[in-house]
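J.: need a structure here:
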Amino acid sequence: MQERHAPKPATVFTLQATDRGARAGVLRTAHGDVPTPFFMPVATQGSVKAVDPPDLRSVGANIVLGNTYHLFLRPGTELVERFGGLHSFMGWDGPILTDSGGFQGFSLKHLRKIDKDGILFKSHIDGSMHKFTPESTIKAEEKIGADIIMPLDVCVEANSEYGVVERASQLTTKWEARCKEAHTRDDQILFGIVQGGLYEDLRARSAEEIMSIGFEGYALGGLSVGESKEEMYGMTGIAAAMLPSDSPRYLMGVGSPEDLVESVARGIDMFDCVLPTRIARNGSLFSRDGRINIYAAPHRDRDEPVEPGCDCYTCQNFSAAYVHHLFKSKELLGYRLATLHNLRFILRMMEEIREAIVAGKFQKYTEEFHLRFTPPDQKARHEQRLKWLASQGRPGA
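T.: Presented below is the predicted three-dimensional model:
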């Protein structure tokens, strides 16, 4: 059986500084404190692809995210519990957040059915059927033993009609009330998730209902699911302002550099996304100016780091020419070095953002960031996002 760790701290979140809408604080968990704002590398199946726990510490990660749906199917939450919980099983002694599987209810719509009691999934692994209810989801997350757990919710497409979004939000409220009732562990922090799509009145209603249930942190779901950047930024700012100022605010599934800067400016404290690790494995590396395609011919002879001045292991020890060679040769080391670089880039950026907020210089940081960083074409980004959504259910994709 899993050994319970120490109870969570009495005060879960402390706000330490603000700069206009941006916030800096500390989130306290049973496995340690995490300065906010922060980004969580995604360990869907108990592993951040291509790197190990010491690697994660070396790039500055304080907290990681696991996925209840995928861990339930493989290796099984009972096995994870038998090995002492996910911390022990994956060899990570820092905080962990687990998503509930609600997003898979959105992305795996060809393999699921939703009714008032929960989500019936057909396993993408072996075709077996599994019913996720609010109660069974919480039970699974208690077995996994994460420090922060998310309730089961209903997420729908960004362009869904009003009635579809309204019904999803209403069902989310009912499920989250059941999740809170089912939750028994005093060493876990249970968040609430606000839905409502791009409709301001539905966001306001959802926020009011979820806050009336009462949670220790609040997440915004149903964003970064196909809408434009302008729509996402607009609704993020509107919805974040509806949430309590003394609770942590989590924007789910967002992780590109430009989105992090803009969302922090709108009051968000927590982020997660597979983007940094996924594009790393495709040879796309972050730089202060934008993304670098390490496959490109100019890198063949570059006798300098991928990004001069970067303090990551990759840039401190290898040339861009060597990383280019690894990718052209399909050497596995290339995936690790690229992943280390991208994670360090994002996590260092979050450290800089926090420092700027505390110093009252976040506006200056934002202006300098946008003057230099060129994001990918929005149409291409949207197409990439849709392809990624279509790939969900295949964790190695």
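J.: quick one: list the elements packing against the helix or strand harbouring Leu190.
T.: Using DSSP states H and E, Leu190 sits in strand 189-194. Counting contacts by 3 or more Cβ pairs under 8 Å, 6 or more residues apart in numbering; DSSP states H and E, strand 189-194 is packed against strand 148-149, helix 162-182, helix 200-213, strand 217-220. Just so you know, the C-beta spots here come from the backbone N, C-alpha and C atoms, and that holds for glycine as well.
J.: most tightly packed of these?
T.: Neighbour counts (mean count of other Cβ atoms under 10 Å) averaged over each of the helices and strands packed on strand 189-194 peak at strand 148-149, with a mean of 28.
J.: contacts for that one, please.
T.: 29, 95-98, 100, 138, 141-142, 183, 188-191, 217 (Cβ atoms under 8 Å, 6 or more residues apart in numbering).
J.: circling back to that earlier point, need the helices and strands packed on strand 189-194 in CSV (columns: distance to Leu251).
T.: Formatted as CSV, the helices and strands packed on strand 189-194 follow (distance: least, Cβ to Cβ, whole Å):
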stretch, distance to Leu251
strand 148-149, 14
helix 162-182, 16
helix 200-213, 13
strand 217-220, 5
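J.: I'd like those laid out as TSV, including distance to Lys116 and mean pLDDT.
T.: Output for the helices and strands packed on strand 189-194, formatted as TSV (distance: least, Cβ to Cβ, whole Å; pLDDT from 0 to 100):
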stretch	distance to Lys116	mean pLDDT
strand 148-149	22	98
helix 162-182	7	98
helix 200-213	16	98
strand 217-220	22	98
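J.: picking that back up, identify the farthest-apart pair in the contacts of strand 148-149.
T.: The largest distance within the contacts of strand 148-149, taken as Cβ to Cβ, falls between Pro95 and Ile138 and amounts to 18.5 Å.
J.: my read is that Gln45 contacts Arg74, right?
T.: Yes - counting by Cβ atoms under 8 Å, Gln45 does reach Arg74; the two are 7.0 Å apart.
J.: let me know the helix or strand that the spatially closest residue to Pro305 that is not a sequence neighbour is in.
T.: Spatially, and ignoring its direct neighbours in sequence, Pro305 is nearest to Cys315 (3.7 Å; Cβ to Cβ, 6 or more residues apart in numbering). Here Cys315 is covered by helix 313-317, with elements defined by DSSP H and E.
J.: in that helix, what counts as buried?
T.: 313-315 (16 or more other Cβ atoms under 10 Å).
J.: re the thing from before, quick check: angle from the strand holding Leu190 to helix 162-182?
T.: If you take axes from the mean of the first three to the mean of the last three Cα atoms, to 10 degrees, strand 189-194 sits at 160 degrees to helix 162-182.
J.: please state the offset of strand 189-194 from the chain centre?
T.: Relative to the centre of its chain, strand 189-194 is centred 14 Å away, using Cα atoms, centre = their mean, to the nearest Å.
J.: partners of it in the sheet?
T.: Strand pairing for strand 189-194, using DSSP bridges, gives strand 148-149 (parallel), strand 217-220 (parallel).
J.: dump the longest one to CSV, restricted to CA.
T.: By that I understand strand 217-220. Output in CSV follows, covering the C-alpha atoms of strand 217-220 (Å, rounded to 0.1, in the frame of the first residue of the first chain):
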residue,chain,number,x,y,z
GLY,A,217,-7.1,26.4,-6.7
TYR,A,218,-8.8,27.1,-9.9
ALA,A,219,-8.1,26.2,-13.5
LEU,A,220,-9.3,27.5,-16.8
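J.: and the next element down the chain from it?
T.: Per DSSP H and E, the first helix or strand lying C-terminal to strand 217-220 is helix 229-240.
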